[in-house]
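Any chance you could fold what I've pasted below:
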Amino acid sequence: MSGSEERQTYREFTEAVNMKPGELQQWLETPESKHVGWQKKGTAGGESVGHESGRRIVDLLRRKRDQLSAADYKHMRKVVGYVRRHMAQRPSGDVRATRWRYSLMNWGHDPVKAPLPPPGGPSRKALERHGSPPKNRRGPAR
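Numbers count the residues shown, from 1 in each chain. Here you go, the predicted structure:
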């Protein structure tokens, strides 16, 4: 993986994961967190894939960027993909007490906090600093 691919993966990961390490770790200890998600075949009553990923995300968030391995970047891409796919399946209505939200939170994204920026678009931090880009721009039509 090239340096630019690593930077993009890191940026997308930090946009997708909007929970702080301590906040995610505290969430993972709740009964709601432990009762959602898909379990690997042969692990009846065991830890869900998302819960296991959440523990790894806490570790990734607490490490410095130069301490990340190729396997860490691979997991970051997996997290980004999961969050984007799951966000596309948002149910209608209030999602605060839904299994859908709880599953996303296991992967480090709380959909109640903030919407996920579109892929390749401005980062969440830039949007917070400058606001959303204008819908209608002046100048020649493209």
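
how about the helices in this structure?
Residue ranges of the helices in the chain, as given by DSSP state H, are 3-16, 21-28, 31-34, 49-62, 70-87, 99-106, 124-130.

Can you tell me which of these is most buried?
When you average the neighbours per residue for each of the helices of the chain (mean count of other Cβ atoms under 10 Å), helix 99-106 leads with a mean of 21. C-beta here means a position set from N, CA and C on the backbone, and glycine is covered the same way.

would you turn the helices of the chain into CSV with mean pLDDT and distance to residue 40?
Listed next are these as CSV, based on pLDDT from 0 to 100; distance: least, Cβ to Cβ, whole Å:
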stretch, mean pLDDT, distance to residue 40
helix 3-16, 93, 23
helix 21-28, 96, 17
helix 31-34, 92, 15
helix 49-62, 94, 6
helix 70-87, 96, 14
helix 99-106, 95, 14
helix 124-130, 57, 32
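
Next, format those as a markdown table and append distance to residue 113.
Output for the helices of the chain, formatted as a markdown table (distance: least, Cβ to Cβ, whole Å):
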| stretch | distance to residue 113 |
| --- | --- |
| helix 3-16 | 12 |
| helix 21-28 | 10 |
| helix 31-34 | 16 |
| helix 49-62 | 15 |
| helix 70-87 | 12 |
| helix 99-106 | 10 |
| helix 124-130 | 10 |
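
quick one, which of the ones you listed is nearest to residue 93?
Within the helices of the chain, the stretch nearest residue 93 is helix 99-106; the backing value is 10.6 Å (Cβ to Cβ).

what's near enough to touch the closest residue to residue 53 other than its chain neighbours?
With Cβ to Cβ, 6 or more residues apart in numbering as the measure, residue 107 is the residue that lies nearest to residue 53, at 5.7 Å, once sequence neighbours are left out. Contacts of residue 107 were listed using Cβ atoms under 8 Å, 6 or more residues apart in numbering, and they are 17, 50, 53, 54, 57, 79, 82, 83, 86.
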